Structures are given as structure tokens and as C-alpha cells.
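Participant: 3D, please:
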Amino acid sequence: MKKIVYHIATTLDNFIARPDGNTDGFLDRGEHIPDFLESLNQYDIVLMGGKTYEYGFQFGLKPGEQSYRDFADLKHYIFSKTMNFPTNEKVQLVKENELEAIEEIKQISQKKIWLCGGGKFAGFLLEQELIDELLLKVNPVVFGDGIKLFGNSNKSIDLALIDSKIYRSGVILSHYQIDYK
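Facilitator: Prediction:
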């Protein structure tokens, strides 16, 4: 079975967005962007919660469309109990039986699986011990409040550092293997 990698940008105080979902202040620190775009080649599937998918609506994304042009080669699985749109070959809505869907996705994936957000969904997967790796792009900014990296999860885990890179902008990319206690 393929690994699920929570590959996400965060602030120094572990928020993936401001309380209203806004990410202004850290996603635009660009010197790491070429590495990020190159890293997408390791994935063939992207998982996201409904709020993360809806984030793209402010940029013209419509329900049922793939998010962002850079993710066009990735099969999308959107996990939401409240959204409604027709599933197609590139975007599938998962409204129930989330754990069964994850197991099926892990069986069909040919590469690693990218969990790109959101915090609540990541917390749910962490509680189920389904996230295998954590790829954190820590930005040199503190929000003080916002959407937490793992939502409301209080799961205790150990991390083993696989690799890290520091960019001149102060962004630190850290890659960890998760070890569930």
C-alpha cells in the first residue's frame, strides 16, 4: 500500500490558515515554489477536506473541477459530508465511509498520496493513524490564531527526520516519518 504524506505549508505556530481560511502572509514566499512544483511528481492522488477544496472557489474553481492548474495530473478525492457535485474521472467526492475510501485509494495508487489539507481532515486521519509522512513547509510568520495543522487532534506521535532544507527566505522544509506510539 502507498503512503499518505501530509504535505502542507504552516506558520511557525502551526496554523495552516488564518481563522477565516485566508493564507495571505505565507503561501507567496516564492523561492521554494519550484521545489514544491517538482515535488508534486511523487504523487498521483491528492486528498483534501471540503474547506480546502472550497478555498479554490475564490480563484474561479467550480465544484467538480480539479483544483489549481499545477495539480491537473492528480486524481482528486474530496472528503466532505456537506458538499454536493457530480463525481467524474478526475474528481471524486467522498461523503461517507471515509476509512473504507482511504483503504481503497491506498490500494489503487501507484505513487505516494498527497494529503494537502485541511487541518480537521488531517486530524481525523492522524487519529486513525493513516498519515505516514509529514512534509512541513514552515514559514517565518506567526498568526497567533487560525486553523491548526491537525485540527483538534491531541494524538501523540514521534517523528523521525528524513530530510530538511532551509531557504534564504527563512522557509524551512522538513520531511518526517511518523511513528505512532
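
Participant: now the residue most central in space within the chain, what's its secondary structure?
Facilitator: In the chain, the residue lying closest to the centroid (Cα atoms, centre = their mean) is residue 116, at 1.4 Å. Secondary structure for residue 116, judged by DSSP: H, G, I helix; E, B strand; the rest coil, is strand.

Participant: would you mind pulling up the elements that the top helix by length along the chain packs against?
Facilitator: Ranked by number of residues, the top helix in the chain under DSSP state H is helix 98-108. Applying 3 or more Cβ pairs under 8 Å, 6 or more residues apart in numbering; DSSP states H and E, we find helix 98-108 packed against strand 43-49, strand 75-79. Every C-beta, even on glycine, is put in place using the N, C-alpha and C of the backbone.

Participant: direction included, what does the next helix or strand after the shortest one pair up with?
Facilitator: If you walk from strand 75-79 toward the C-terminus, the next helix or strand you reach (DSSP states H and E) is strand 91-94. Sheet partners assigned to strand 91-94 using DSSP bridges are listed as strand 75-79 (parallel).

Participant: contacts for the strand it pairs with?
Facilitator: Strand 75-79 is contacted by residues 44-50, 53, 66-67, 90-94, 98, 101, 105, 121 when judged by Cβ atoms under 8 Å, 6 or more residues apart in numbering.

Participant: returning to what we had before: give me the pLDDT for the residue nearest to the centre of the chain.
Facilitator: According to the prediction, residue 116 has pLDDT 93.

Participant: that one: what's it in contact with?
Facilitator: Residues near residue 116 by Cβ under 8 Å, 6+ apart: 7, 8, 46, 47, 48, 52.
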